[in-house]
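[1] any chance you can model this:
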Amino acid sequence: MGNCHTVGPNEALVVSGGCCGSDQKTYVVGGWAWAWWFVSDTQRITLEIMTLQPKCEDVETAEGVAITVTGVAQVKVMTDGDLLAIACEQFLGKSVMEIKSVVLQTLEGHLRSILGTLTVEQIYQDRDQFAQLVREVAAPDVGRMGIEILSFTIKDVYDKVEYLSSLGKTQTAAVRRDADIGVAEAERDAGIREAECKKEMMDVKFQADTKMADSKRELEMQKAAFNQEVNTKKAEAQLAYELQAAKEQQKIRLEEIEIEVVQRKKAQGWRGGDTPRTGRQSAARHRPNPLHYRAPL
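    Numbering: from 1, shown residues only. Sure thing, here's the model as predicted:
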């Protein structure tokens with residue numbers, strides 16, 4: 001006779017022994033198994049995540065500076081067939097605290113050895129790379145125990161001689177210096193840019209003033225040419241008018257002379273017995289030729 005044993009997904013059941021002195025072991029995760037009375041043995045091992053807090057105090061780095069490093073690691077027993085069997089061989093019958101203690105000491109040993117190969121700056125400034133290095137170095141050793149490192153992070157890094165504080169002050173001073181240099185360069189560049197903008201503005205203003213002066217000069221020249229043309233036209237018109245007036249005056253004067261001659265001839269004819277025809281002929285003989293007449297200017 002025997003019993004049926006069940007197990008949840010957070011632990012593994014190991015059934016060893018059996019009928020006829022069998023030394024076969026059965027590993028069950030999240031299931032059940034049969035165990036015979038008196039001849040079978042059942043044990044359990046946790047598969048839950050175990051949180052470790054490795055701490056290395058006053059460990060000398062590559063430069064001889066003693067620092068203290070604390071971290072947080074998450075580990076668990078692997079469930080693959082062979083690896084679970086290895087973990088059971090190592091930790092079956094031990095409490096969770098005992099398992100954590102073994103893995104913790106292994107992690108701290110690797111952490112201490114890695115600290116001795118790095119500088120304080122490498123550890124402090126690139127914690128992720130440092131933690132990755134610890135995982136890569138420690139994983140094979142804890143893997144041979146059937147333990148898997150799920151995560152490892154650096155929690156804190158400090159020292160007792162204020163080396164990190166001095167390093168921080170140096171970096172702060174460097175940052176401030178760079179900031180001051182950046183401000184000075186920015187002000188210099190701004191001044192140069194402002195001067196360039198002013199020069200460009202003056203160039204544009206000069207070009208605009210030059211164009212305005214050219215336009216004004218061209219307008220004045222056009223106005224002068226227009227006025228000259230107007231005056232010329234006026235003079236021509238005035239001259240034409242005066243010529244036409246002179247012609248009209250000449251015409252009128254000729255007619256007046258003709259009338260005077262006619263009247264004089266008539267008067268002479270009446271006195272001398274000339275007939276009107278003779279008077280007209282005489283007037284015609286004494287009439288001046290208009291082609292030889294010059295009007296007074």
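
[2] grab the most central residue of the chain for me.
    Taking CA atoms, centre = their mean, the centroid of the chain lies closest to residue 186, which sits 17.2 Å from it.

[3] for the record, mean pLDDT for the stretch of helix or strand that residue belongs to?
    Per DSSP states H and E: residue 186 is located in helix 163-272. Averaging pLDDT along helix 163-272 gives 84.

[4] distance between that helix and the chain's centre?
    48 Å (CA atoms, centre = their mean, to the nearest Å).

[5] packing partners for that helix?
    Packing partners of helix 163-272 (3 or more CB pairs under 8 Å, 6 or more residues apart in numbering; DSSP states H and E): helix 120-125, helix 276-286. Using the backbone N, CA and C atoms, a C-beta is placed for each residue, glycine as well.

[6] and these, which one is worst for confidence?
    Taking the mean pLDDT of the helices and strands packed on helix 163-272, helix 276-286 comes last: a mean of 51.

[7] related to what we said a few turns ago, against residue 192, how distant is the residue nearest to the centre of the chain?
    Separation of residue 186 from residue 192 (CB to CB, to the nearest Å) stands at 11 Å.

[8] what does residue 99 give?
    Residue 99 is 69 Å from residue 192, where distance means CB to CB.

[9] neighbour count winner among the two?
    Higher neighbour count among residue 99 and residue 192: residue 99, with 20 against 10, using other CB atoms under 10 Å.

[10] where's the more buried one, which helix or strand?
    Applying DSSP H and E, one finds residue 99 within helix 96-115.

[11] which residues touch that helix?
    46, 50, 52-56, 59-61, 67, 69, 71, 73, 75, 77, 90-91, 123, 130, 133-134, 137-138, 141-142, 145, 147, 149, 152 (CB atoms under 8 Å, 6 or more residues apart in numbering).

[12] in helices, which of those fall?
    90, 91, 123, 130, 133, 134, 137, 138, 141, 142 (DSSP state H).

[13] could you tell me how many residues sit around the closest residue to the fifth one other than its chain neighbours?
    If I follow you right, that is residue 133. Leaving aside its sequence neighbours, residue 133 sits nearest to residue 114 (CB to CB, 6 or more residues apart in numbering; 5.9 Å). Neighbours of residue 114 under the rule other CB under 10 Å: 19.

[14] domain parsing for the protein?
    2-46, 50-161, 254-292 (automatic domain parsing).

[15] now render those domains as CSV, adding distance to residue 225.
    Formatted as CSV, the domains of the chain follow (distance: least, CB to CB, whole Å):
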stretch, distance to residue 225
domain 2-46, 108
domain 50-161, 83
domain 254-292, 42
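
[16] if you compare those, which one is most tucked away?
    Mean neighbour count (mean count of other CB atoms under 10 Å) peaks for domain 50-161 among these, with a mean of 16.

[17] what's the span of it from first residue to last?
    By CA to CA, to the nearest Å, the extent of domain 50-161 from end to end equals 34 Å.

[18] how close does residue 104 get to residue 12?
    The value you get for residue 104 to residue 12, if CB to CB is used, is 21 Å.

[19] and what of residue 58?
    Using CB to CB, we find residue 58 at a distance of 39 Å from residue 12.

[20] do residue 232 as well
    123 Å.

[21] also residue 200?
    Distance, residue 200 to residue 12, using CB to CB: 81 Å.

[22] equivalent analysis for residue 208, please.
    In terms of CB to CB, residue 208 sits 91 Å off from residue 12.

[23] then residue 250?
    In terms of CB to CB, residue 250 sits 148 Å off from residue 12.

[24] same question for residue 69.
    From residue 69 to residue 12 the distance is 33 Å (CB to CB).

[25] next one: residue 217
    105 Å.

[26] do the same with residue 87
    Residue 87 is 8 Å from residue 12, where distance means CB to CB.

[27] then residue 161?
    48 Å.

[28] and for residue 126?
    38 Å.

[29] same question for residue 246.
    143 Å.

[30] got it, and residue 245?
    Separation of residue 245 from residue 12 (CB to CB): 140 Å.

[31] on the three-state scheme, residue 79 is what?
    At residue 79 the chain is in coil, as set by DSSP: H, G, I helix; E, B strand; the rest coil.

[32] same question, residue 26
    Applying three-state DSSP: residue 26 is strand.

[33] contacts only, for it.
    13, 14, 15, 16, 33.

[34] pLDDT score for the fourth one?
    The per-residue pLDDT reported for residue 16 equals 75.

[35] for the last one, same thing?
    We note a pLDDT of 71 for residue 33 in this prediction.

[36] possible to save the ones in helices among the contacts of helix 96-115 as JSON lines with distance to residue 266?
    Formatted as JSON lines, these follow (distance: CB to CB, whole Å):
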{"residue": "90", "distance to residue 266": "173"}
{"residue": "91", "distance to residue 266": "172"}
{"residue": "123", "distance to residue 266": "150"}
{"residue": "130", "distance to residue 266": "150"}
{"residue": "133", "distance to residue 266": "152"}
{"residue": "134", "distance to residue 266": "155"}
{"residue": "137", "distance to residue 266": "158"}
{"residue": "138", "distance to residue 266": "160"}
{"residue": "141", "distance to residue 266": "165"}
{"residue": "142", "distance to residue 266": "164"}
